[in-house]
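Chemist: Dropping a prediction and its sequence here:
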Amino acid sequence: MRTKHYITPIHLALLLVIGLLPIDARTVRFSEREEPLPNPLKGWVIWGEDHITPPQPVTLFFSYRSWRQLEPEEGQYDFESWEREVWQYWVERGMKVIFRVYLDYPGRPVGVPQWLVDQGVELSEYDEYGGGWSPDYENPLLLEKVKDLIVALGERYDDDPRVGFLDVGILGHWGEWHTYPREELFASASVQREVMNTFLAVFSNKKMMLRYPTVWTAKQRFGYRDDCFLTDTEGPEDWYFFSRIRSANAEEVWKTQPFGGEFCGGGAGAIEGTVEQPDECLRLIREGHFSHLGPAGGSIEAQDDAHQQTIDSMLKLMGYRFVIREADLPETALGGNTLQIKFTVENTGVAPFYYPWPLEIVWFDGEAEREDVQTTDIDIRTWLPGTHEVSLSVSAPSPSKETQYNVAIEIPDPGGGGPPVRFANVGEEQEGAFILGSVKIQPASSCTRWQPY
């Protein structure tokens, strides 16, 4: 029978008041596994429209959708078709989406709804990038209806466990916030601010990424995306991604908001970059604190063993990677008593985990059944790269006879739609939980030796 309790971190003074520690406490040390883990919300990203078996392990897929498709009739949104046609295939495989909505996509049909064009919103045709139509972003009606669209997106997706991150698209070619070289077609600063403020107002839970950092956006709840990773990530001019990050004083944003990227040139560009500049790819991931790369990343076909090693090294480095170094726990305890468990976790990745997923203590009985699950209030978002000490006050189960329990830790997906976060350790796992060790629990009526901590 599975029950849940709520427990809190404790310190030494609290232990002296409420807890006793058995004299047989011991330290267990663990080894790190070599291979990368395709953990949730990090790593390679794949195109959502390509329902294929990815050659690389992926947990994220990317999907565009035009406004015209999402709102074919004014005020009538068709999110279901998008989710059914693109999302469902990947969500059934435990993956989460990064999405972007666009009004203008070069080489594709008009993205602005026809009903809005009929109401007088003008489109300007251009020839660059295969040609397309850019809307009049200064039209008040367009801005009003765009804001309605963003509100509808927030109402549907801000609490949706299928959504990993979202790109703040809408404006510019591909929703990438530029109309280069036709800069006269782009939205004014006031329109840009209206769009961003609307996203901030309706998306309080999901993490969002912008194309271009500014001093103002660096103070808001936005992460960033590098639309041309490796090619345009670092250079001497002020338009390079890292240069913009520095100019915006956004060097610390990664600690609370995600950074993503995609290779220029699609799949060919991803292969070329990882084959020809492997060390530079790793350096940029490290210095830019990138959590994910794609959407061509998940479809990279390894050219040889050395290339696959580079791909694996990049996956290991991206985002978070939690390694348990050691744990302190008793050999025996009395049923129903409070005992202390400590462990040391190192994040060997380049970024934190960005959502408040729970850290749980799980007790497995002698039949490997979950007998008790205790939810802690540890905030794993604070596990930045480096080492962290965790101390917990845990309630022991109350068996009717002496029972050997396995004590495990796990970070499950609170939405229930995907796999848990796995620890990058050599050792035993049960149902996604990592075993710290075993504790023999005596019935509360038993007599055993105890001494103050």
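Modeler: Cool, got the structure. Numbering: from 1, shown residues only.
Chemist: outside of stretch 88-95, which residues touch it?
Modeler: Contact with stretch 88-95 is made by 48, 51, 58-61, 97, 162, 417-419, as judged by C-beta atoms under 8 Å, 6 or more residues apart in numbering. (C-beta placed from N, C-alpha, C; glycine too.)
Chemist: now do the same end-to-end measure for that stretch.
Modeler: Using C-alpha to C-alpha, to the nearest Å, one end of stretch 88-95 lies 10 Å from the other.
Chemist: Quick check: mean pLDDT of it?
Modeler: Averaged over stretch 88-95, pLDDT sits at 96.
Chemist: Which one among the contacts of stretch 88-95 sits at the bottom for pLDDT?
Modeler: In terms of pLDDT, residue 417 ranks lowest among the contacts of stretch 88-95, with 80.
Chemist: Based on its surroundings, how many neighbours for it?
Modeler: 14 (other C-beta atoms under 10 Å).
Chemist: do residue 184 as well
Modeler: Residues near residue 184, counting by other C-beta under 10 Å: 8.
Chemist: re earlier: if we take the contacts of stretch 88-95, which one ends up nearest to residue 31?
Modeler: residue 419 (22.3 Å; C-beta to C-beta).
Chemist: The closest one against residue 413, yeah?
Modeler: Yes: counting by C-beta atoms under 8 Å, residue 419 touches residue 413, with 6.7 Å between them.
Chemist: and for the two, which residues touch both?
Modeler: Listed as contacting both residue 419 and residue 413 by C-beta under 8 Å, 6+ apart are residue 40.
Chemist: Give me the more crowded residue out of those two.
Modeler: Comparing residue 419 with residue 413 by other C-beta under 10 Å, the one with more neighbours is residue 413, at 19 against 15.
Chemist: Residue 282 - that's part of a strand, no?
Modeler: No: Residue 282: not assigned to a strand; according to DSSP: H, G, I helix; E, B strand; the rest coil it is helix.
Chemist: Could you list the low-pLDDT ranges of the chain?
Modeler: Residue ranges of the chain with pLDDT under 70: 1-24, 446-453.
Chemist: Could you break it into its assigned domains?
Modeler: With automatic domain parsing as the criterion, the domains of the chain are listed as 4-34+322-451, 43-317.
Chemist: Compute the number of surrounding residues for residue 329.
Modeler: A count of nearby residues for residue 329, using other C-beta under 10 Å, gives 22.
Chemist: Offset the numbering so it begins at 37, please.
Modeler: Renumbered: residue one is now 37, and that last one reads residue 365.
Chemist: State the distance from it to residue 161.
Modeler: 68 Å (C-beta to C-beta, to the nearest Å).
Chemist: got the residue ranges for the helices in this protein?
Modeler: 48-54, 103-106, 115-118, 124-127, 150-154, 176-193, 225-238, 277-283, 302-312, 314-324, 341-353 (DSSP state H).
Chemist: show me what contacts residue 270?
Modeler: Applying C-beta under 8 Å, 6+ apart, one finds that residue 270 lies in contact with 276-279, 320.
Chemist: again with residue 423
Modeler: Neighbouring residues of residue 423 by C-beta under 8 Å, 6+ apart: 361, 380-382.
Chemist: Put together a markdown table for those, with distance to residue 250 on each row.
Modeler: Conversion of those to a markdown table gives the following (distance: C-beta to C-beta, whole Å):
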| residue | distance to residue 250 |
| --- | --- |
| 361 | 40 |
| 380 | 39 |
| 381 | 35 |
| 382 | 34 |
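Chemist: which of those residues tops the neighbour count?
Modeler: In terms of neighbour count, residue 381 stands highest of those at 22 neighbours, by other C-beta under 10 Å.
Chemist: what bridges to that one?
Modeler: residue 360, residue 424 (DSSP bridges).
Chemist: just the contacts of residue 423 now: which is nearest residue 395?
Modeler: Set against residue 395, the nearest of the contacts of residue 423 by C-beta to C-beta is residue 381 (9.6 Å).
Chemist: Against residue 375, how distant is that closest one?
Modeler: Going from residue 381 to residue 375 by C-beta to C-beta gives 19 Å.
Chemist: got it, and residue 112?
Modeler: 58 Å.
Chemist: neighbour-wise, which of these two wins?
Modeler: Higher neighbour count among residue 112 and residue 375: residue 375, with 24 against 9, using other C-beta under 10 Å.
Chemist: From what I see, the more buried one and residue 369 are in contact.
Modeler: Yes: taking contacts as C-beta under 8 Å, residue 375 lies within contact range of residue 369: 4.9 Å.
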